[in-house]
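1. curious how this folds, go ahead:
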Amino acid sequence: QIATWEAHNAPWKLPDDLKAFLTISDGLALTWEVRFRGRVHPLGNIAVNALADMTPVPLDVSAEDDRNEGPRLAHDGTGGARRPKMPAPLAAFDLDNTCTSGRVALVFVSGSKEPEIWFQEMAAKWHLLARSFTEHFRQMVSHLGLPNWQYAFTDIGLDPLAQQWFRYLSPERLAVDLHSGCM
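-> Sure thing, here's the model as predicted:
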């Protein structure tokens, strides 16, 4: 399947860590719920698309993209200083089609040997989440798949409800995100 996907989407090749994951499991869907005040609430969602669902993502989605020769980067994903502009994206593929608060994509950018994981928030602004699939997978797990966790890596930050869930379920993760300047 991987060879077929790469032939169909040539010249783009999946990174080795994602290929290794896909040889074990063709995607992942892990959801969990919490009982709170006598009611059950669906809460966590950790997902990686099946290979067949890793479809191309249109990159020409906003006037800002056109003006800046590619999506802007609001945060470098490592707690480092902001960079004003990312190299132009060459191609992107949907990595999590269950994300309702934006788009998580595997993005190939000019000047980089390996694709990166980016998050496109609702205003169509792109933010780097991780430099590799392995790093992204660790992020999903450490953030418990809580709603809107990707916003911790944007200049918008977590919404108040997401912050409340983080304070309740993973205060140490919230503290790390706040300390590293992710929010």
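
2. neighbours of the residue lying closest to residue 22 once chain neighbours are set aside, how many?
-> Nearest-residue entry for residue 22: residue 51, 5.6 Å, with adjacent residues in sequence omitted and distances by C-beta to C-beta, 6 or more residues apart in numbering. Glycine gets a C-beta too; all of them are placed from N, C-alpha and C. Residues near residue 51, counting by other C-beta atoms under 10 Å, number 16.

3. helices along the protein, start to end?
-> 2-8, 16-24, 63-67, 133-142, 160-169, 171-179 (DSSP state H).

4. correct me if wrong: the residue nearest to residue 22 contacts residue 26.
-> Yes: taking contacts as C-beta atoms under 8 Å, residue 51 lies within contact range of residue 26: 5.8 Å.

5. spell out which residues are contacts of both of these two.
-> residue 1 (C-beta atoms under 8 Å, 6 or more residues apart in numbering).

6. pLDDT score for the residue nearest to residue 22?
-> pLDDT recorded at residue 51 is 98.

7. residues in contact with the residue sitting nearest the centre point of the chain?
-> Closest to where the C-alpha atoms of the chain average out (C-alpha atoms, centre = their mean) is residue 104, at 4.0 Å. By C-beta under 8 Å, 6+ apart, the residues touching residue 104 are 94-96, 117-119, 129, 136, 150.

8. now it. Nearest residue, chain neighbours left out?
-> Of all residues not flanking residue 104 in the chain, residue 96 sits nearest, at 4.1 Å (C-beta to C-beta, 6+ apart).

9. I figured the one you found was touching residue 48, is that so?
-> Yes: in this structure residue 96 lies within contact range of residue 48 using C-beta under 8 Å: 6.5 Å.

10. partners of the closest residue to residue 56 other than its chain neighbours in the sheet?
-> Excluding the flanking residues, the one nearest residue 56 by C-beta to C-beta, 6+ apart is residue 93, at 6.0 Å. The residues listed as beta-bridge partners of residue 93 by DSSP bridges are residue 56, residue 106.

11. that's all I had, so thanks and see you.
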